[in-house]
Structure formats: structure tokens, C-alpha cells
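K.L.:
Predicted model, plus sequence, below.
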Amino acid sequence: MNILALNLFFFLNQNIVKGLITMENISAQNISFTDFKLNGFYSLGEWRPFLFIPFFLMFLLSLTANSILLCLIISQKSLHSPMYVLIGLMAVVDLLLPIFFVPNMLFSFLFNWGGISLVGCLIQMFCLHFVGAFQTTLLLWMALDRYFAICRPLYYQKYMEIPNFVKFVVVPVIRNGLLIVTMVSLAGKLTFCVTNVIDHCFCEHMALVQLACGDITINNIIGLSTAFLIPTADCILIAASYVVIFASVFRSGKAQMKAINTCITHLIVISGSLIFALIAFMSYRIRNNFSSSSRVFVSTMYLLFPSCFNPIVYGVRTKEIRQKFLQFISDVEVFPLYNI
């Protein structure tokens, strides 16, 4: 009788424990974090605050260089041709991208202020990915501009007029908008019960999605599709355009060498953006070969480095912009002399 009672006691205890574990699992699955902490470069420990210095200097360089380039293009009527307008739009993109995430990152380094809500995280994700997508899209439009200027010079003015050029603009803008909105919306519908610590300095898509406790297959598919249909597709079209351009230039001899110099400038910018984009993309697919800090660094440089690099390249290699900048500097130096 005592043995039966003892067995019954153990049986009831086991069922109660199993029930409690099941309730805990159900409760954990029903909890979804709505507040997160951005904790990029956490492995650096006490050295982490020193990252403020290089990233602040890069942020300052980006703001200054792109602002100067943008002011030059706006103020100089000789720089109002389609090619320079597109360079100005690239400066706008390079100016906006760091503003979306660098200030929060700098505060996180100095004061460990890395908190962000889910809504704030999704808004930041949309802004970064939507504006960032136009880096390659603008380079595609620049390639089209060079194609018409070199291969179809007689029709250049016709195709580059605003009503006609809008035809080349509408489709990429709609494509970028639909894909980014879909990607961010699906990320917002996930349940985040694993942890609320994002191992990044900003709300990057995969960094947030990996915290979900449900199935993220569709999110991975949409992320891969977005990467293929925006930057990859743009780069394929850019490569095809420049193959045709270079073939046309080599057939015509040295007459188009000035135009080809502009193409080389665009190719330098494309190469810089593409290298960081590929490394950042692959770092989440080959996790074993990348440390956490290395992955965060590459993803951050993918957005920040082109913002510093592009205006300098365009300013140094584009003759008209370089001349206008030097003229602006000389005017600034001479102007105080007239007031003495």
C-alpha cells in the first residue's frame, strides 16, 4: 500500500513538473520583446568607448564632404547638367545614410545608450535599406547617362530631358519601395522571444530577424530576393552598360577619352560599394568564419565608408567639380582681403 502511494506521489510530481515546464514554454512563446538594446562591438569591452573617435571623424568627414559637394552643384549653374544632378543626388543619399544611425551609435559608445523600441528599429531599418538601395540605383542611372552621352550623343538631350528620363526612374523606385516595405513588414510581424539584445550598432534586417523564435524562412527568402533584385540586378545592368560604352569608345579612338574618364570614376565608386556589400552580405551566411565584431564592422563600413569615399572621388576625379571647388576656396581666401 505504501509502495502504491509512493508511486502515485512520484507520478503526480512528474506530471506537475511537466505541466509547469509546458506552461513556461507556452509563456515564453507568448512573450515578444518590444524594446531592444543595440550592443555592437560588445566583445571589445573597456575599449569600446574609444570607437567614438574614428567613427565621429568619419561622420564629420561625410557630413562636410557631401554638404560641400551638394552646395557646389546647387550653386553653380554650369553643374546643372544631368550627370552632375545625379552626382548631387548621390551626395544626398551619402549625407542621409550616416544621419540615420551614426548619432545613436556614438551615444552608445560613450554612454552605453543603446535602447531602441521595435517600432523605432523598424523605422530605422526601412530608412537605411530604402535610402541605401538607391546607391546602386543611382549608379545605374549614371551608367545610362554615360551610355546616351557616348553611344547615342545625338539623342542625349532627348533621352535625358526630365519627362523622358522619368521613365527610367519610375520602375526602379517602385521596385525598391515594394521590396523594402515587404521585407520590413514581415520582420515586424515576427515574435521576438529569444533575447532583446541586437548584436549590431543599428537595426540591420538579419541582425533583428535572427532574434525571432518562430520560422524565419520567408524572411530569409525575401532578404535574398531583395539583395538579388536591387543591388545585384543593378550591378549586372551597370556592367552591361559599361561593356557597351567601352566597346564604343575603343572603336571611336581617342575622341571620347574625357567621357571614359568619368566612367572610370563611376567604376571606382561602384567597386568600393560592391566590395563592402558582398562582404557584409556573406558575413551572415558564413558565420563561423566571421567574429561578431568583424561582421558588425563590415556592415557599418558598407554604409559609412561610401559616404566618406564617394564625394572625395567625385571631387578629385571630376574636372569641373574640382575646378569649381578650387575657385570656391580661392574666393573664400580672397574675400576677407576686400574687407580690410
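P.N.:
Yes, it's here. Given the structure is predicted, the values throughout are model-derived calculations rather than measurements.

K.L.:
Quick check: Y314 touching L69?
P.N.:
Yes: the criterion here is Cβ atoms under 8 Å, and Y314 meets it with L69 at 6.6 Å. Every C-beta, even on glycine, is put in place using the N, C-alpha and C of the backbone.

K.L.:
Now K37. Its backbone dihedrals?
P.N.:
phi -120, psi 120 (degrees, to the nearest 10).

K.L.:
Report the buried residues of the helix ranked longest in the chain.
P.N.:
Secondary structure of the chain read by DSSP state H shows that its longest helix is helix 118-151. Buried positions in helix 118-151, judged by neighbour count with 16 or more other Cβ atoms under 10 Å: 118, 121-122, 124-151.

K.L.:
who's in contact with the nearest residue to I238 once chain neighbours are set aside?
P.N.:
Nearest-residue entry for I238: A143, 4.7 Å, with adjacent residues in sequence omitted and distances by Cβ to Cβ, 6 or more residues apart in numbering. Contacts for A143 (Cβ atoms under 8 Å, 6 or more residues apart in numbering) come out as 237-238, 241-242, 245, 266.

K.L.:
Can you add neighbour count and pLDDT and give those residues back as TSV?
P.N.:
Listed next are the contacts of A143 as TSV, based on neighbours: other Cβ atoms under 10 Å; pLDDT from 0 to 100:
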residue	neighbour count	pLDDT
L237	16	90
I238	21	88
S241	21	89
Y242	19	87
I245	20	86
H266	25	73
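
K.L.:
Please list the members of these that lie in helices.
P.N.:
Among the contacts of A143, the members falling in helices (DSSP H) are 237-238, 241-242, 245, 266.

K.L.:
in the protein, which spans are strands?
P.N.:
Remark: strands assigned in the chain by DSSP state E are 35-38, 115-117, 197-198.

K.L.:
closest to S307 out of those?
P.N.:
With Cβ to Cβ as the criterion, S307 lies closest to strand 35-38 of those, at 19.6 Å.

K.L.:
Pass me the low-pLDDT residue ranges in the stretch 151-300 of the chain, would you?
P.N.:
By pLDDT under 70, the weakly predicted segments of the stretch 151-300 of the chain are 253-260, 262, 281, 283-290.

K.L.:
show me where it has helices.
P.N.:
Secondary structure of the stretch 151-300 of the chain by DSSP state H, counting those that start in this stretch: the helices cover 156-160, 162-188, 205-209, 217-227, 233-252, 257-283, 292-317.

K.L.:
chain center to stretch 203-219, what's the gap?
P.N.:
18 Å (Cα atoms, centre = their mean, to the nearest Å).

K.L.:
Could I get the buried residue list for it?
P.N.:
Within stretch 203-219, the residues that count as buried by 16+ other Cβ under 10 Å are 203-212, 216, 219.

K.L.:
Between which two of those residues is the distance greatest?
P.N.:
C203 and I216 (15.5 Å).

K.L.:
Let me see the contact set for N261.
P.N.:
R317.

K.L.:
Kindly recompute the last result at 7 Å.
P.N.:
By Cβ atoms under 7 Å, 6 or more residues apart in numbering, N261 lies in contact with nothing.

K.L.:
same question, the one 5 residues further on
P.N.:
The contact partners of H266, by Cβ under 7 Å, 6+ apart, come to 139, 142-143, 146.

K.L.:
Look at the residue most central in space within the chain and report its pLDDT.
P.N.:
Closest to where the C-alpha atoms of the chain average out (Cα atoms, centre = their mean) is G132, at 3.9 Å. Per-residue confidence (pLDDT) for G132: 89.

K.L.:
can you pull the contacts of the closest residue in space to Y156 that isn't next to it in sequence?
P.N.:
Leaving aside its sequence neighbours, Y156 sits nearest to F148 (Cβ to Cβ, 6+ apart; 4.8 Å). The contact partners of F148, taken as Cβ under 7 Å, 6+ apart, are 155-156, 159-160.

K.L.:
Most neighbours among the residues you listed, which one?
P.N.:
Counting neighbours by other Cβ atoms under 10 Å, the top entry in the contacts of F148 is M160, with 19 neighbours.

K.L.:
What distance do you get for it to Y242?
P.N.:
18 Å (Cβ to Cβ, to the nearest Å).
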